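Asker: generate a structure from the sequence data that follows.
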Amino acid sequence: MSSTDDEAPRLTLRERKKLRTRAAIRRAAYRLVGARPWETITTEQLAAAADVSPSTVTRYFPVKEDILLTDDADELLEARLLARPAGEDPLDSLRAVVTDAVSAALAEQREQVLLRARLLVELPAVRARLTETTAETAQRLAGVLARRTGRDADDLEVRVFTAAVLAALREATVYWAEQGHDPEALVPLLGRTVDALRGGPALRARP
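Answerer: The predicted structure follows:
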């Protein structure tokens, strides 16, 4: 997922600098992983490739797998969610911010997205970390939805709703990666996932 200053007017200069540093580290990681196994790449090698210090790498990405999984900072996703039209259904709002980010990534960083999908299938550590980061992002976005709906910041229904939606979208992404990760299939698959959630969790046998 990529971003520009015009797309994120709510971000401060410091936050935009953070995004640029994160992007530089990520680009370096993708260059390295194209030439050697991910498990063998050290923090020092990542730092040298990105022209930053090892401490900068660990400060921005305390868990190495995050470099492969996180694109937009959570602050940017929050800003996009806050900017959605007032009164919009929360499910539609979450669908929009996620699919917009995914569409931008496929348009601008397709090879990186496909490489990430391959690693998601091949490396259990990447899949496990995806589950953790999805839960962390859901907590942050739940706070935004609470504000938009006039609920308390720690409202149970908001937390359950947001966690369920983000977990479902994560599972759809893993499914897409396992099924051959066709670039044209991901956004429709995420939309299909949201449609399934909209009707409730009932699952009926096919005739």
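Asker: give the contact list for the closest residue to Glu78 other than its chain neighbours.
Answerer: In this structure, Glu78 finds its nearest non-sequential neighbour in Val144, 5.2 Å apart by C-beta to C-beta, 6 or more residues apart in numbering. (Each C-beta comes from the backbone N, C-alpha and C, glycine too.) Val144 sits next to 78, 81-82 when contact means C-beta atoms under 8 Å, 6 or more residues apart in numbering.
Asker: longest helix of the protein?
Answerer: Secondary structure of the chain per DSSP state H: the longest helix is helix 124-149.
Asker: show me how far it is from its chain's centre.
Answerer: Distance of helix 124-149 from the chain centroid (C-alpha atoms, centre = their mean, to the nearest Å) equals 9 Å.
Asker: what comes up buried for it?
Answerer: Within helix 124-149, the residues scored as buried using 16 or more other C-beta atoms under 10 Å are 126-127, 129-130, 133-134, 137-138, 141-146, 148.
Asker: cool, and stretch 95-107?
Answerer: Within stretch 95-107, the residues that qualify as buried are 95-99, 101-102, 104-106, counting by 16+ other C-beta under 10 Å.
Asker: what's the closest of those residues to Leu46?
Answerer: Within those, the smallest distance to Leu46 is 20.6 Å, found for Ala105 (C-beta to C-beta).
Asker: what's the first-to-last distance across stretch 47-65?
Answerer: In stretch 47-65, first residue to last residue: 15 Å (C-alpha to C-alpha, to the nearest Å).
Asker: what's the pLDDT at Arg159?
Answerer: On the pLDDT scale, Arg159 is placed at 95.
Asker: surely it meets Gln139?
Answerer: Yes - Arg159 is in contact with Gln139 according to C-beta atoms under 8 Å; the separation is 7.4 Å.
Asker: could you list the low-pLDDT ranges of the protein?
Answerer: Screening the chain residue by residue with the criterion pLDDT under 70, one finds the ranges 1-11, 70-73, 201-207.
Asker: ok, Asp89 to Pro124 distance?
Answerer: Distance, Asp89 to Pro124, by C-beta to C-beta, to the nearest Å: 36 Å.
Asker: ok, Ala138 next?
Answerer: 22 Å.
Asker: same deal with Leu91?
Answerer: For Leu91 relative to Pro124 (C-beta to C-beta), the value is 31 Å.
Asker: how about Leu94?
Answerer: 27 Å.
Asker: check Pro85 too.
Answerer: 40 Å.
Asker: same check on Trp176?
Answerer: Counting by C-beta to C-beta, the separation of Trp176 from Pro124 is 18 Å.
Asker: swap in Val144?
Answerer: The value you get for Val144 to Pro124, if C-beta to C-beta is used, is 31 Å.
Asker: same question, Lys64
Answerer: Distance, Lys64 to Pro124, by C-beta to C-beta: 14 Å.
Asker: swap in Val33?
Answerer: Plainly put, Val33 is 16 Å away from Pro124 if you go by C-beta to C-beta.
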